[in-house]
Each structure stands twice: as structure tokens, then as C-alpha cells.
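Asker: fold the following, please.
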Amino acid sequence: MGRKAKPLPIPEQDRRLCRIICLCQLTLVLSGVALVYLTVAIYMPSHRAFQSGIEPTPVTCHTVNTFMQTSYCDWASCGEWCLTRTAGFCPQIEVQVRRNGTQVRLEGCRPRRLVSIACPQVDPEALKKFNCNNGTECSALTGVFNCSLGHCANMSELYQCAPKADGIVVNSEHDNMKLNGFFSCYKSTCVKIKQVFYCTRYCPKISTTGVNVYLLYEDSVYTGECERAVALDKANGSEDPVPLADPAEFWRADNDSGVLMASCLAVSRHDTTLSATDCVNGSLVDQARVPKLFMNFTVLWSLYEQAERVADLGQWFAPQQSQLVIYNRTKLYINLEACVNTLQGECKQFLNTHGRDGDNHTAPSRFPCYYDKSDSSFVVARFDLRKTWRELLIAALVPSTLFLLSAATLCVITRSVTVGDDARMHCKYCGGGSPAGGEPVRTGPDDETDNEESPALGPGA
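Answerer: Numbers count the residues shown, from 1 in each chain. From the prediction side, this is the model:
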């Protein structure tokens, strides 16, 4: 029985040529896939943006209602992936759309009286939690608690509550599994709260001594003693505000002017002046109604809501919000597709920044938005035609150029490179048709075969 012939070795090819071919093939495939994906992610959304009819000039939106849909999600303000239908996380945000308010400047303010006081919102996740199922951890439970199967969160740390406890009495140390709902506890003796009760955040006191201006913004207030208030533009109802060549005075401090209160988007201090943007609901409150020395935020909010006098009778400066309304209630989308493709929790961040609806005396979210004059069913928070055009240009040029270059290179290689009888690639247009790279064929010990089947060549052959 004869010996089996060993397989012939594969000659070593030009590594540079192999790398070029592999790189071009990889680039061709990846750029082709990118073109298909970008059709859905960039090209189609860009076409819709250019044809949408949305006004490029932003207006102002106030969040009026936020709801987390848990069953059927017919629409969502933001979805985490545009290629699939939104499921699970389904925030629904409704807003009021209006024109921007007035730019206001308070002049002649006493620097020592200009103070910013904040009453930030409470994060429920920051409440201290007790596991009453764990030994004696709840042996001295005291305060108002929100419990679920023996796990209780201490609301008294961040809220001031005045509930009327009239339910069952539970010992938090021995009957811990009965702790379900709201309880008022004192040294482990907890009484269930059956009726609806209200809590307010712990906020610093507001000094009222010598103060005649209160500018509310977000969850803060800027207080001061100023001489007058001027406007830099004039409201025009549901149309764009009209800039003024010269600032117009609409309030001056005197004995009968009252205390000026307004709600603004942002307030900044410049030495003896306060500058505020998007100011609305300018109101005057009689000085006699303001508590002496100090008051809390609850009293401030109550005074502001019950103010009966407006700062400007003509409603040109710091007008009432109702005078500027475009759409009273509509849906808010993060963009025209109501979704993002980053997969980085962007929708949860959007809900935190745009989903505050003003419950429990908190400031509602106020932000720029974009609307369509012919469609009142929705507005979008993000709309920038320049950015859209820039992204479309990059998304179209880069993968298309790479695709064409790699395809052209492979075509040239197909025409100029052949495989010779020695199983090596030869370049037809390189140095007299020598093998690509010009390297000799290497052989090793395995290339030798039995003398009877394949005699070795002698030196003079």
C-alpha cells in the first residue's frame, strides 16, 4: 500500500494586498449596513422635518399634566428605540403652549436686600427606609411613614405633615407585616392614616423686611428692594413679542404701588439690577397683607395666587399667562418621531426635566418648544433645521463615500490582479508581471515527498 501524498502548501501571499482586500470588503459591508440603518434613523426623519411645517422660532411650554401609562400605550412623549413600538416605559406629557413673556429689568435695587432663596423639590428615593422585618430595626419608629409589607419610608424627614390618624393600631416591632399604607408612629406604636392628608416641603424662611419685589423662578424666589421695573419688549397676545427701542417703565416703588410679584423663567443679578426673562402673571399685593419679618413659601404662593391687582393694566408688560396662550392643552413629543436611539436612558432624563406638572406647590416645567400653526395636536421639544441638515449631510456623505471608494478599489483589484500557476496573486501592471510583492515562493521541510512519488530537484536542475 503506497504512502499518502501530503497536501501541497499554500504559498504565502503579499500581506499588503491581502490587507487591502479585507479592509475594502469590511468597509463595503459596514457602509452598506450604515446606509440601510441611516435610512430609518436619519434620512426619513430629516425629510419629515423639512416637510413638517413646524415654526423654527421657539415658543414657551408649561407642563400641565404628566401620566405614566402602565397598560395600553397608545402614544408616548418619548420612546427609547425608534425601530420598535414603545413598550413598558410610557410617559405621557401634556403642555400648554404660549408666546414668550416679557423681559424685565429691576433697577435701583439695594445690593444687601437682593437674596435668592430656594425650596428644591424632594426626591422620594432619598427618604430613609426601614425594614421592620429585620429584628428590632423599627423598635423606636417615630414620624409619618409610607409602608409596604413591613418596609417603611420616613416621610417626616423631608415633609411637614399634619395627618389625622384614625385607623388600626399596629406595633411596628411585632406586627410588622400589617404595615401597609400610611402610618403615624410614635416609639413603635403606629396608627394607620385612613383619610387624605397633605404634606409640605421643609423650606427656608423668606425675609420680608424692606422687600418690595418677589420674582419666582423654578422652585426659587429672588427678593429685593428696588426702585422701579422696566420692560425690554412688549407682549402682543398670541403673536411674537415686540422689542422696544427704549425700556418702558411699568412699576415704581411708592406708598400705593404695592409689592411686585411675577413668575419668570430665569433671573440673574448684575450689581444693583435684576434681569429676568419670560416674565408673566405680574401682580401687585398690598404691603399690609405681607407678614412682618418672615414668611414661608406656602404663604408666598398663597399671596401670589390670590393677588387681585395686575402689574400692568394694559397687559403689555408681564401679562397674565392666559393672554399669551396659543394652545391650551396638547401633547408633547421629544421630537417629531417621539423617540431616541441613544439607549442611554435619555427618555427618563426627559421625563425628569419636562414632566413636572406643578403638583404639591412645585414649579411646573417651563421650556422652549416648537409648534405647527395648522396642527394643534402636538408640539415638540427638539427641532433644529440647521442641526438636521448638518446631520443629514454627514450621514449621507461619509458612508456613501466609503461605500463607493471601497467598491471602486475592489473593482480595480479584480481587473489588475490574477492568480498564477504557482497559486500566488500576480499584479498584471506591476513591474513586468512579477508576483505581487516580488517575494519568492517559500518552501519548507513539509514540501519534500517520497522519492518514488515526487523526486527532489538537484542543484543543477
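Asker: can you list the low-confidence ranges for the stretch 51-200 of the chain?
Answerer: For the stretch 51-200 of the chain, the stretches with pLDDT under 70 are 85-87.
Asker: can you map out the strands along it?
Answerer: 59-68, 91-98, 102-107, 115-118, 129-131, 143-148, 151-154, 159-161, 169-171, 181-186, 189-192, 199-201 (DSSP state E, counting those that start in this stretch).
Asker: so which bits of the fifth one are buried?
Answerer: Just to be clear, that refers to strand 129-131. Across strand 129-131, burial judged by 16 or more other Cβ atoms under 10 Å covers Phe130. In this view, the C-beta of every residue, glycine as well, is placed from N, C-alpha and C.
Asker: strand partners of it, parallel vs antiparallel please.
Answerer: strand 151-154 (antiparallel) (DSSP bridges).
Asker: and for the second one?
Answerer: Here strand 91-98 has these sheet partners by DSSP bridges: strand 59-68 (antiparallel), strand 325-333 (antiparallel).
Asker: closest to Arg424 out of the strands of the stretch 51-200 of the chain?
Answerer: Closest to Arg424 of the strands of the stretch 51-200 of the chain, according to Cβ to Cβ: strand 91-98, at 63.2 Å.
Asker: residues making contact with the closest one?
Answerer: 59-69, 75-78, 238, 321, 324-332, 347, 350-351, 354-355, 369, 371, 379 (Cβ atoms under 8 Å, 6 or more residues apart in numbering).
Asker: ok, 6 Å please
Answerer: Residues from elsewhere that reach strand 91-98, judged by Cβ atoms under 6 Å, 6 or more residues apart in numbering: 60-69, 77, 324-329, 332, 351, 355, 371, 379.
Asker: picking that back up, out of the strands of the stretch 51-200 of the chain, which gets nearest to Ala245?
Answerer: Closest among the strands of the stretch 51-200 of the chain, once you apply Cβ to Cβ, is strand 102-107, at 13.8 Å.
Asker: which parts of the closest one are buried?
Answerer: 102-106.
Asker: mind listing what that strand pairs with, with the direction of each?
Answerer: strand 228-236 (antiparallel), strand 273-285 (antiparallel).
Asker: measure how far it is from the centre of its chain, please.
Answerer: Its chain's average C-alpha position is 29 Å from that of strand 102-107, according to Cα atoms, centre = their mean, to the nearest Å.
Asker: just the CA coordinates for that strand, please, in CSV.
Answerer: Provided in CSV are the C-alpha atoms of strand 102-107 (Å, rounded to 0.1, in the frame of the first residue of the first chain):
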residue,chain,number,x,y,z
THR,A,102,-41.7,89.9,28.9
GLN,A,103,-38.0,90.6,29.5
VAL,A,104,-38.0,92.6,32.7
ARG,A,105,-35.2,94.6,34.4
LEU,A,106,-35.5,95.8,38.0
GLU,A,107,-33.3,98.9,38.6
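Asker: tell me the domain boundaries of the protein?
Answerer: 15-44+388-440, 59-98+327-382, 102-119+212-318, 124-201 (automatic domain parsing).
Asker: distance to Ser52 added to those, as a markdown table?
Answerer: Below are these laid out as a markdown table (distance: least, Cβ to Cβ, whole Å):
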| stretch | distance to Ser52 |
| --- | --- |
| domain 15-44+388-440 | 10 |
| domain 59-98+327-382 | 6 |
| domain 102-119+212-318 | 20 |
| domain 124-201 | 38 |
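Asker: what's the closest of the ones you listed to Phe50?
Answerer: Across those, closest to Phe50 is domain 15-44+388-440 (Cβ to Cβ), at 7.5 Å.
Asker: report pLDDT for the most centrally placed residue in the chain.
Answerer: Per Cα atoms, centre = their mean, the C-alpha nearest to the average position across the chain is that of Phe350, at 3.3 Å. You'll see Phe350 listed with a pLDDT of 94.
Asker: can I assume it sits in a helix?
Answerer: Yes: the assignment for Phe350 by DSSP: H, G, I helix; E, B strand; the rest coil puts it in a helix.
Asker: so it sits against Ser77, correct?
Answerer: No: between Phe350 and Ser77 there is no contact under Cβ atoms under 6 Å: 7.3 Å.
Asker: low-confidence stretches in the stretch 301-450 of the chain?
Answerer: 360, 423, 430-450.
Asker: now with 50?
Answerer: 432-450 (pLDDT under 50).
Asker: mind listing the strands for it?
Answerer: According to DSSP E, counting those that start in this stretch, the strands that the stretch 301-450 of the chain contains are 309-310, 325-333, 366-372, 375-380, 417-419, 425-427.
Asker: those into CSV, with extra columns for distance to Lys234 and mean neighbour count?
Answerer: Formatted as CSV, the strands of the stretch 301-450 of the chain follow (distance: least, Cβ to Cβ, whole Å; neighbours: other Cβ atoms under 10 Å):
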stretch, distance to Lys234, mean neighbour count
strand 309-310, 15, 14
strand 325-333, 17, 18
strand 366-372, 20, 19
strand 375-380, 24, 17
strand 417-419, 75, 13
strand 425-427, 77, 19
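Asker: for Cys264, find the nearest of the ones you listed.
Answerer: Proximity of the strands of the stretch 301-450 of the chain to Cys264 was assessed by Cβ to Cβ; the nearest stretch is strand 366-372, lying at 9.3 Å.
Asker: report the angle between that closest one and strand 273-285.
Answerer: Orientation of strand 366-372 against strand 273-285 (axes from the mean of the first three to the mean of the last three Cα atoms, to 10 degrees) gives an angle of 80 degrees.
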